[in-house]
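Novice: mind folding the following:
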Amino acid sequence: MFQADSIIALPQRPLDAASIAPMTEGPVTLGVAEMDAGLDGGLKPDGLHETYAATANDAAAGLTFLLLLAERKRRQSASGHLLWAREAGAPGLPYGPGLVEMGIDPAAITLLALPDALSVLRAGLDGLRHGGATVLIELHGRQRLYDLTASRRLALAAGTSGAMALVLRSGAPPTPSVAHTRWRITPAPSAALEANAPGAPAFALTLLRQRGGREGLSITLEWDRDQAIFRRPDFPSIAGVADLAIPLRSPLFGAVFALAAGRARGGGRPRSG
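Specialist: Numbering: from 1, shown residues only. Next up is the predicted model:
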C-alpha cells in the first residue's frame, strides 16, 4: 500500500461502499464520430489502455492526452476521481493553474509521488482493486517490472472493480501486454487563435493495438476545453506529423508548483522550469 505522506497537495476523498462496487458504464467516447466508430463506440471504461512515447516531448503529449481522457471519463460517468501514480523523480511537475486552464479540476486528482517503479505499480494496482477512481500509472524508461503478468493483474483489477486503468510508457518500446488499446501519441500543430495566440493542444494519435477490433487507425485531434471533448482541427492533418519535433502547447507542465493552485508549501510563487 502507498503511504499517506507520499500524497502531494490533494487529500484522498473517502469512498463509500456504493462507490467501490463495479458500475455499468458505456464506452468513453473521444467525441469524433469516425474514431469512436473505429473503437466500437469508444474506449472500454473498465479496461487497460496504454500510451507509448519515444521522446520526452512525446511523453508530455501522451501524459496530457491521458489526463484529458480521464477528464472526459469524469464528465461521462460517476467515477469522478483520478488517482495518479508516478515516481518522485519523474520529469516535469504538474502545474495547478495549467490544469484549470485545460478544464481539469485539480481537486478531482490525487497525485502520488513514490520512490520507485515498483511502488508506482503497487499503488496503481491497489487503486484499481479499491475501485471508485480512474487510475493513471506513469512509467519512464525500460521497466522490466511492467510485463505481461503485471498488465494482466492491472486489467483484471480494472475489470473487477469497474475502474479504468491508464498507463504511460515513456522511452521504452511496446512490450507484450493484455491492454485493451495501445496508442502512440505525438504532439501535433495547433490552429492558431486570433492575434496568432497559441491554439488548443493537438495530438497525432495512432492506434497500435485493439483487442478484438480494428488497428492502425490514425487521426489528429485537438482538445476543446469548453465542451470537454476532442475534435478534428480546423485545418487538414499534416502528413508525417508523427516524425516532426513540434513543441507541445500545453500549460500542464514546465513549472515547479503544487498540483492544486494555491496549496504550494510556503505560499511562494511558481518557479519557471
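Novice: I'd say residue 207 and residue 185 touch.
Specialist: No: using Cβ atoms under 8 Å, residue 207 makes no contact with residue 185, being 10.1 Å away. Any C-beta I mention is one placed from the backbone N, CA and C, and that applies to glycine too.
Novice: higher neighbour count, these two?
Specialist: Set side by side, residue 207 and residue 185 show more neighbours around residue 185, with 23 against 19, by other Cβ atoms under 10 Å.
Novice: which helix or strand contains that one?
Specialist: Per DSSP states H and E, residue 185 falls inside strand 181-187.
Novice: buried stuff in the next helix or strand along the chain from that strand?
Specialist: Per DSSP H and E, the first helix or strand lying C-terminal to strand 181-187 is strand 202-210. Neighbour-count burial for strand 202-210 flags 202, 203, 204, 205, 206, 207, 208, 210 (criterion: 16 or more other Cβ atoms under 10 Å).
Novice: kindly state the beta-bridge partners for the last one.
Specialist: The residues listed as beta-bridge partners of residue 210 by DSSP bridges are residue 181.
Novice: got a list of what it touches?
Specialist: For residue 210, the contact set (Cβ atoms under 8 Å, 6 or more residues apart in numbering) comprises 39, 180, 181, 182.
Novice: same question, the fifth one
Specialist: With contact taken as Cβ under 8 Å, 6+ apart, residue 206 is in contact with 183, 184, 185, 216, 217, 218, 242.
Novice: those residues: which two are farthest apart?
Specialist: Spatial extent of the contacts of residue 206 (Cβ to Cβ) is set by the pair 185 and 216 at 14.7 Å.
Novice: quick one on the thing from earlier: nearest to residue 144 among the buried residues of strand 202-210?
Specialist: Nearest to residue 144, judged by Cβ to Cβ, of these is residue 208 at 20.6 Å.
Novice: the closest one touches residue 183, doesn't it?
Specialist: Yes: if you go by Cβ under 8 Å, residue 208 and residue 183 touch, sitting 6.4 Å apart.
Novice: overlap in contacts of the two?
Specialist: Common neighbours of residue 208 and residue 183, counting by Cβ under 8 Å, 6+ apart, are residue 52.
Novice: pull the most distant pair out of the contacts of residue 210.
Specialist: With Cβ to Cβ as the measure, no two of these lie farther apart than 39 and 182, at 12.5 Å.
Novice: any shared contact partners between the two?
Specialist: 207, 210.
Novice: about what we covered before: among the contacts of residue 210, who's most crowded?
Specialist: residue 180 leads these on contacts (other Cβ under 10 Å) with 23 neighbours.
Novice: for that residue, give me phi and psi.
Specialist: Main-chain dihedrals, residue 180, degrees, to the nearest 10: phi -70, psi -40.
Novice: tell me the contacts of it?
Specialist: Residue 180 neighbours (Cβ under 8 Å, 6+ apart): 43, 44, 47, 48, 49, 155, 210, 211.
Novice: residues near the closest residue to it other than its chain neighbours, how many?
Specialist: Closest residue to residue 180 apart from its sequence neighbours, by Cβ to Cβ, 6 or more residues apart in numbering: residue 47 at 3.7 Å. Counted with other Cβ under 10 Å, the neighbours of residue 47 add up to 21.
Novice: what's the answer for residue 102, then?
Specialist: 20.
Novice: wait, it sits on residue 222?
Specialist: No: taking contacts as Cβ under 8 Å, residue 102 lies outside contact range of residue 222: 11.9 Å.
Novice: any regions of the stretch 101-250 of the chain where pLDDT drops low?
Specialist: Flagging of the stretch 101-250 of the chain using pLDDT under 70 yields the residue ranges 197, 235-250.
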